[in-house]
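Q: have a look; sequence and predicted model below, questions after that.
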Amino acid sequence: MFRGLNFPQPTCPPAPHVKEEFAVPSHVEEVKESMAAFAGHHAASGRRVVLITSGGTKVPLESRTVRFLDNFSSGRRGASSAEYFIESGYAVIFLHRHRSLYPYTHMFATINMLDALKFTNEGASSNSPEVVVNQQVLPNIAKVLKQYQKVKESKLLLPIEFSTLSDYLHLLKAAAQALSTIGSKAMFYLAAAVSDFYIPASEMPEHKIQSSNGPLQLSMNMVPKILSPLVKDWAPQAFVISFKLETDATILLEKAQRALETYRHQAVVANVLDSRRGYVVVVTPKSQDELILTEDDERNEVEIEDRIVSNLTSAHTKFITQQRS
Ligand code: 9Z3
């Protein structure tokens with residue numbers, strides 16, 4: 001069953017013969033309630049709440065999906081930012097692509113779990129061998145485990161998963177509505193890499209596309225820009241940050257500025273794919289802050305997300321003060 005999201009007219013209108021058609025995830029109402037309860041609880045105790053989106057969306061080409069189009073994002077930016085937001089006193093709703101990088105575990109993502117374990121000397125020859133962590137492979141594990149358990153106990157992280165573009169759009173709308181109750185205490189940090197194109201349900205073949213029919217030609221519709229209703233209608237008091245990703249550095253800032261003019265939100269974090277770990281520009285209507293990691297920073301394992309989060313939490317403080325006055 002398909003239902004529309006009822007977007008206002010997007011900037012790039014969809015093809016005239018098709019309205020939006022995005023499958024509604026069955027658990028969306030339940031998730032919305034849990035997000036509203038989470039936000040209400042933390043805001044009541046004076047905390048701000050950030051909704052982080054992270055990872056890439058998947059766009060199916062067939063309704064019984066064998067093939068799909070994916071947007072690139074490892075999820076590291078979102079996962080790492082979640083940790084810095086929590087450290088800065090925020091509660092975090094982490095809307096992320098299933099199996100993308102996750103807060104606190106992301107630094108271990110490349111490690112084979114079996115390489116990180118070993119038998120104790122006694123255990124190796126015993127019938128019930130004792131297994132412990134190999135500290136050489138995971139030198140920081142105790143520190144990270146402590147942080148993770150503290151965050152879990154204090155319920156500061158609410159993870160929600162998406163896979164497809166449809167899941168993402170409906171869950172983001174639900175999040176925006178759930179967070180609207182806490183006004184300017186809410187921040188949206190939209191780091192997920194979201195497809196600009198999709199195939200509407202009514203035009204999607206049910207079964208696997210057959211190569212025996214010859215070369216595949218795709219025609220895809222434009223995805224309506226969700227930022228527009230989010231800023232105008234769903235969470236008009238919130239502090240909203242979008243991300244702009246380009247591969248051509250010469251058009252990056254112009255595109256970021258154009259996004260700000262179009263959607264009238266608070267900031268765009270602009271980055272180029274190849275240099276995203278060491279250089280971003282935080283663009284607002286009045287400023288352009290370049291955040292750069294030096295070689296020294298890199299040697300000391302400083303992460304650029306630390307700088308991004310610090311820049312944006314200060315801006316959020318100013319925003320809240322201005323809203324009050
Ligand atoms: C970003 O630009 C993120 O910074 C990255 C992070 C996806 C590059 P990783 O997950 O990478 O750490 O590997 N996200 C936004 C990408 C996006 O789709 N933006 C849209 C656009 O550029 C606008 S919302 O048009």
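A: Received the coordinates, thanks.
Q: what residues does the stretch 201-325 of the chain put near the ligand?
A: Counting by C-beta under 6 Å from any ligand atom, the positions of the stretch 201-325 of the chain adjacent to the ligand are 242-245, 271, 276. Yep, even glycine has a C-beta here, placed from its N, CA and C like the rest.
Q: how about 8 Å then?
A: Taking C-beta under 8 Å from any ligand atom as the contact definition, the stretch 201-325 of the chain meets the ligand at 227, 242-246, 255, 259, 269, 271, 273, 276-277, 280.
Q: adding secondary structure, write the residues you listed out as TSV.
A: Below are those laid out as TSV (DSSP: H, G, I helix; E, B strand; the rest coil):
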residue	secondary structure
Leu227	helix
Ser242	strand
Phe243	strand
Lys244	strand
Leu245	strand
Glu246	strand
Lys255	helix
Ala259	helix
Val269	strand
Asn271	strand
Leu273	helix
Arg276	coil
Arg277	coil
Val280	strand
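Q: neighbour count and pLDDT for those - can I get that in JSON lines?
A: Rendered in JSON lines, the data for those read as follows (neighbours: other C-beta atoms under 10 Å; pLDDT from 0 to 100):
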{"residue": "Leu227", "neighbour count": "21", "pLDDT": "97"}
{"residue": "Ser242", "neighbour count": "25", "pLDDT": "98"}
{"residue": "Phe243", "neighbour count": "24", "pLDDT": "98"}
{"residue": "Lys244", "neighbour count": "22", "pLDDT": "98"}
{"residue": "Leu245", "neighbour count": "18", "pLDDT": "97"}
{"residue": "Glu246", "neighbour count": "16", "pLDDT": "97"}
{"residue": "Lys255", "neighbour count": "15", "pLDDT": "98"}
{"residue": "Ala259", "neighbour count": "21", "pLDDT": "98"}
{"residue": "Val269", "neighbour count": "25", "pLDDT": "98"}
{"residue": "Asn271", "neighbour count": "25", "pLDDT": "98"}
{"residue": "Leu273", "neighbour count": "12", "pLDDT": "97"}
{"residue": "Arg276", "neighbour count": "17", "pLDDT": "98"}
{"residue": "Arg277", "neighbour count": "14", "pLDDT": "97"}
{"residue": "Val280", "neighbour count": "27", "pLDDT": "98"}
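Q: of those, closest to Ser314?
A: Proximity to Ser314 was ranked across those by C-beta to C-beta; first place goes to Val269, at 14.2 Å.
Q: bridging residues for the closest one?
A: Phe243, Val282 (DSSP bridges).
Q: identify the farthest-apart pair in the residues of the stretch 201-325 of the chain next to the ligand.
A: Leu227 and Arg277 (24.7 Å).
Q: show me what contacts Leu156?
A: With contacts defined as C-beta atoms under 8 Å, 6 or more residues apart in numbering, Leu156 is in contact with 42, 86, 90-92.
Q: inside strands: which ones of these?
A: Members of these lying in strands (criterion: DSSP state E): 91-92.
Q: which among the contacts of Leu156 gets closest to the ligand?
A: The shortest approach to the ligand among these belongs to Val92, at 15.9 Å (C-beta to the nearest ligand atom).
Q: what about that closest one, distance to Phe38?
A: Taken as C-beta to C-beta, to the nearest Å, the spacing of Val92 relative to Phe38 amounts to 9 Å.
Q: now swap in Pro236 and tell me
A: For Pro236, the distance to Phe38 equals 21 Å [C-beta to C-beta].
Q: between these two, which is the more surrounded one?
A: For the pair Pro236 and Phe38, the greater number of neighbours falls to Phe38 (21 against 13), based on other C-beta atoms under 10 Å.
Q: circling back: now the contacts of Leu156 in JSON lines, with distance to Asn300, pLDDT and neighbour count?
A: As requested, the contacts of Leu156 are arranged in JSON lines below (distance: C-beta to C-beta, whole Å; pLDDT from 0 to 100; neighbours: other C-beta atoms under 10 Å):
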{"residue": "His42", "distance to Asn300": "32", "pLDDT": "98", "neighbour count": "22"}
{"residue": "Ile86", "distance to Asn300": "21", "pLDDT": "98", "neighbour count": "21"}
{"residue": "Tyr90", "distance to Asn300": "24", "pLDDT": "98", "neighbour count": "23"}
{"residue": "Ala91", "distance to Asn300": "28", "pLDDT": "98", "neighbour count": "23"}
{"residue": "Val92", "distance to Asn300": "25", "pLDDT": "98", "neighbour count": "26"}
